[in-house]
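> below are the sequence and a predicted model for it; my questions follow.
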Amino acid sequence: MSNDNPRFAVYRGSDAIDFDASGAMSPPEPGTFDPDSVQALVDAGIYEGSDNDLLFSGAGMSLARVWFKSGYPLPRHSHDCDCLYYILAGSLRIGTEELGPGDGFFVGNSVPYTYEAGAQGVELLEFRNATEFGIRLLGANARWGAKALETVQERRAHWHDEAPPSRG
């Protein structure tokens, strides 16, 4: 999976590793979020609303496949690297823009952002100019946490039955 300096590399989706287990993203910096709100979301099952795999990591780049299920409450956050996103299936709303398959967006180093997965969820590719990177949770405050907790409690039962959005 990880090759620090490849001159050529093939990767296969079947060899992908769980993104959380990969260690590619360091834990959020202390003080950038409300820990009680985040813990309540973890306890309520927020991780059941996403499925993320690291497909490739090497030569100062990484590629992940991300599936956020319907209504997944992604907090406003930033990363300490540039990120390029390509939507494979489903939809998302970022700001006033509704994006679908074939669309994408770029987020520069340390630029705060969030988006909301559409009714069918969203499956996308995340390209980064780093093999390891950090995250700052900027919008995970108590007010956001209460609303996100409501969403998780409402959506969790549906998430169990959801399949990734169709790429058709």
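Okay, I see it.
> spatially speaking, which residue is in the middle of this protein?
With distances taken as Cα atoms, centre = their mean, residue 66 lies nearest the centre of the chain, 5.7 Å away.
> need the per-residue pLDDT for the residue nearest to that residue when sequence neighbours are not counted.
Once flanking residues are discounted, residue 66 sits nearest to residue 52: 4.8 Å by Cβ to Cβ, 6 or more residues apart in numbering. (C-beta placed from N, C-alpha, C; glycine too.) Per-residue confidence at residue 52 stands at 95 (pLDDT).
> check residue 138 too.
Predicted confidence (pLDDT) for residue 138: 88.
> so what strands line up beside the strand or helix carrying the residue nearest to residue 66?
For residue 52, the host element (DSSP states H and E) is strand 50-58. Sheet partners assigned to strand 50-58 using DSSP bridges are listed as strand 2-3 (parallel), strand 17-18 (antiparallel), strand 61-68 (antiparallel).
> residues in contact with it?
For strand 50-58, the surrounding residues in contact (Cβ atoms under 8 Å, 6 or more residues apart in numbering) are 1-6, 9, 11, 13, 16-20, 22, 24, 62-69, 72, 131, 164.
> in PyMOL, how would I select just the buried ones from those?
Buried residues within those, by 16 or more other Cβ atoms under 10 Å, are selected in PyMOL with:
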select buried, resi 11+16+19+22+24+62+63+64+65+66+67+68+69+72+131+164
